[in-house]
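1. Sequence plus the predicted model coming up.
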Amino acid sequence: MTSRWVRVVFSSITGTALTVLAIPYQTSAQQVYFDNECKATTYAVMQRGGAFRVDHTFQVETKKGNHVFYAARYGDGSGLFCIYKPGSKNAKKISVPFQMGFFNNVIQKNSKTIEIEIQDGNGFNIPVTLYQLKFKNPVKPKVKPIRTWIGNTR
């Protein structure tokens with residue numbers, strides 16, 4: 001994978017991220033981290049247990065132009081789901097009922113649709129629901145449950 005663009009301004013005194021000028025659409029070796037409000041942060045903050053690691057990045061088309069969708073994971077497996085409009089200051093949390101839920105697979109079905117498997121908890125043999133997100137409105141996508149199963153029984 002190739003890196004499109006990443007630019008984060010850091011405080012020279014504290015070493016923490018102040019502003020995200022551009023967030024990557026896709027990166028190779030460089031990892032991106034968010035705080036719980038979808039603002040870029042550092043690896044050091046993540047190591048102290050205060051950040052989410054971005055695991056999935058997809059470009060989506062919305063009625064307000066192209067945006068970047070992020071699925072980020074905390075150390076306990078809980079998820080943070082964010083949207084970013086290129087050129088804006090920061091990414092934003094999207095409004096979904098499973099924000100901070102435990103997620104497994106995240107796949108892009110087409111340029112406007114993403115599917116996410118959400119577990120009802122962290123463990124084995126628990127309900128998993130496949131949700132479909134349609135990004136007409138970038139911050140509040142249409143959420144539709146597709147199917148539910150127990151653990152690995154699909």
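-> Happy to help now that I have it.
2. buried sites along the longest strand belonging to the chain?
-> The strand that spans the most residues within the chain, counting by DSSP state E, is strand 52-62. Buried residues in strand 52-62, defined by neighbour count with 16 or more other Cβ atoms under 10 Å: 52, 54, 56, 57, 58, 60, 62. In this view, the C-beta of every residue, glycine as well, is placed from N, C-alpha and C.
3. Tell me how many other residues crowd the nearest residue to the first one once chain neighbours are set aside.
-> By the measure of Cβ to Cβ, 6 or more residues apart in numbering, the closest residue to residue 52 outside its immediate chain neighbours is residue 72, 3.6 Å from it. Taking other Cβ atoms under 10 Å as the criterion, the count of residues near residue 72 is 24.
4. so how far is residue 132 from residue 72?
-> Between residue 72 and residue 132 the distance, using Cβ to Cβ, to the nearest Å, works out to 20 Å.
5. For residue 93, give its distance to residue 129.
-> 20 Å.
6. moving C-terminal of the helix or strand where the residue nearest to residue 52 lies, what's the next helix or strand?
-> Applying DSSP states H and E as the criterion places residue 72 in strand 65-73. Per DSSP H and E, the first helix or strand lying C-terminal to strand 65-73 is strand 79-84.
7. Residues contacting that following strand, please?
-> Contact with strand 79-84 is made by 23, 34, 36, 38, 52, 60, 67-74, 90-94, 96, 98-103, 116, 118, 135, 138-139, as judged by Cβ atoms under 8 Å, 6 or more residues apart in numbering.
8. Report the angle between that strand and strand 52-62.
-> 50 degrees (axes from the mean of the first three to the mean of the last three Cα atoms, to 10 degrees).
9. Show me what strand 79-84 pairs with in its sheet, parallel or antiparallel.
-> In the sheet, strand 79-84 lines up against strand 65-73 (antiparallel), strand 92-93 (antiparallel) (DSSP bridges).
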